[in-house]
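Novice: Below: sequence and its predicted model.
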Amino acid sequence: MQFKKTTEESSLYQNLETMSTATLLENINAEDHKVALAVKKVLPAVEKLVDRIVLQMNSGGRLFYIGAGTSGRLGILDASECPPTFGVSYDKVIGLIAGGDVAIRKAVENAEDNNQQAIKDLKKYNINAQDVVIGIAASGTTPYVIGGLQACKQLGIHTGAITCNLNSPLDQIADDSIVPIVGPEFVTGSSRMKAGTAQKMVLNMISTSVMIKLGHVKGNKMVDMQLSNDKLVDRGTRMIMENTGLGYEKAHNLLLEHGSVRAALDNYGVC
């Protein structure tokens, strides 16, 4: 299969070690400006995948991310933010990384080269046809991710992909592929930079849009967020004040009594 691996092309900049700090930062920032434009071009593909995920999750399905290295860590980050932000259980959006949890902090040698491991990891969660699995790989060539999606398709599980190389193996195999073309990295091949930023932006769009469409946001507020620290309790209290006209103390007590902004507003007859 022939494709152009733009993520590995030589940087547009030379002699980086001779640049001043200011010049380094200006040039990195100039490259970063290209990322949002690349993501904008793939919004229709993001929309299609989001709508499919909502359909599946409304029927009891779950969302899985699989990836290696930076891509795997980004998937885990996005998945881990869904419960505190939107109040969903930790088994609704799940991120898996080649090499297991130890690979979140330290690279695990050759973990991404095993094309059979991802489906083994997924089967620990009793993966089924109600679920959606999104493979994340900047290069689009990671065996762990490609093998995982191939196995999922054989099991009738809907697949998505987030990659930065058009017509890569990952792009070709996924049911719904999202491919923001960000071009060469500032440091040649360092896909944690622009490619990683593009992947993070797309993941933000997917999880946030899905959770809004599943009903976990009211107006523009996170009414189902977990009250896991004082900052969030204060935020929830102010949401209740805004929606009810209550003073701080009464809103605070109402929140603590019912355990969530949604439950407090439901009890008050607002939601």
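Specialist: Arrived safely.
Novice: Strands of this protein, residue ranges please.
Specialist: 63-67, 93-97, 132-136, 158-162, 176-178 (DSSP state E).
Novice: what's the second one in contact with?
Specialist: Contact partners of strand 93-97, identified using C-beta atoms under 8 Å, 6 or more residues apart in numbering, comprise 62-68, 72-73, 75-80, 82-83, 103-104, 118, 121-122, 125, 207. (C-beta placed from N, C-alpha, C; glycine too.)
Novice: any low-confidence regions in the stretch 1-150 of the chain?
Specialist: 1-2 (pLDDT under 70).
Novice: same thing but 80
Specialist: Residues of the stretch 1-150 of the chain meeting the criterion pLDDT under 80: 1-2, 109.
Novice: quick one on the thing from earlier: residue 211 is nearest to which of the strands of the chain?
Specialist: In terms of C-beta to C-beta, the element of these nearest to residue 211 is strand 93-97, at 8.8 Å.
Novice: Give me the angle between that closest one and strand 132-136.
Specialist: Put simply, strand 93-97 runs at 40 degrees to strand 132-136, going by axes from the mean of the first three to the mean of the last three C-alpha atoms, to 10 degrees.
Novice: Next up, the contacts around the residue at minimal distance from the centre of the chain.
Specialist: Most central in the chain under C-alpha atoms, centre = their mean is residue 203, positioned 2.9 Å from the mean C-alpha point. Taking C-beta under 8 Å, 6+ apart, we find residue 203 in contact with 65, 74-75, 77-78, 136, 162.
Novice: Report the two of those separated the most.
Specialist: Farthest apart among these - using C-beta to C-beta - are 77 and 162, which lie 13.3 Å from each other.
Novice: For those two, indicate the residue with more neighbours.
Specialist: residue 162 (36 against 14; other C-beta atoms under 10 Å).
Novice: Look up how far residue 112 lies from the more buried one.
Specialist: The gap separating residue 162 from residue 112 is 16 Å, by C-beta to C-beta, to the nearest Å.
Novice: returning to what we had before: same list, the strands of the chain, but as JSON lines with distance to residue 246 please.
Specialist: Putting the strands of the chain into JSON lines (distance: least, C-beta to C-beta, whole Å) gives the following:
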{"stretch": "strand 63-67", "distance to residue 246": "36"}
{"stretch": "strand 93-97", "distance to residue 246": "33"}
{"stretch": "strand 132-136", "distance to residue 246": "40"}
{"stretch": "strand 158-162", "distance to residue 246": "43"}
{"stretch": "strand 176-178", "distance to residue 246": "43"}
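Novice: Please name whichever of those is nearest to residue 254.
Specialist: Nearest to residue 254, of all those, is strand 93-97, at 29.1 Å by C-beta to C-beta.
Novice: Pull the distance from that closest one to the chain's centre.
Specialist: Averaging C-alpha positions (C-alpha atoms, centre = their mean, to the nearest Å) puts strand 93-97 9 Å from its chain's average.
Novice: Sheet-wise, list the partners of that strand with their directions.
Specialist: strand 63-67 (parallel) (DSSP bridges).
Novice: mind saving the C-alpha coords of the partner strand as PDB?
Specialist: What follows is strand 63-67, C-alpha atoms only, in PDB (Å, rounded to 0.1, in the frame of the first residue of the first chain):
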ATOM      1  CA  LEU A  63     -16.400   4.000  23.600                       C
ATOM      2  CA  PHE A  64     -12.900   2.600  23.500                       C
ATOM      3  CA  TYR A  65      -9.700   4.300  22.400                       C
ATOM      4  CA  ILE A  66      -6.600   2.300  21.600                       C
ATOM      5  CA  GLY A  67      -3.100   3.600  20.800                       C
END
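Novice: got the residue ranges for the helices in this protein?
Specialist: For the chain, the helices defined by DSSP state H cover 21-40, 43-58, 69-86, 117-123, 143-154, 169-173, 194-213, 230-244, 248-258, 261-268.
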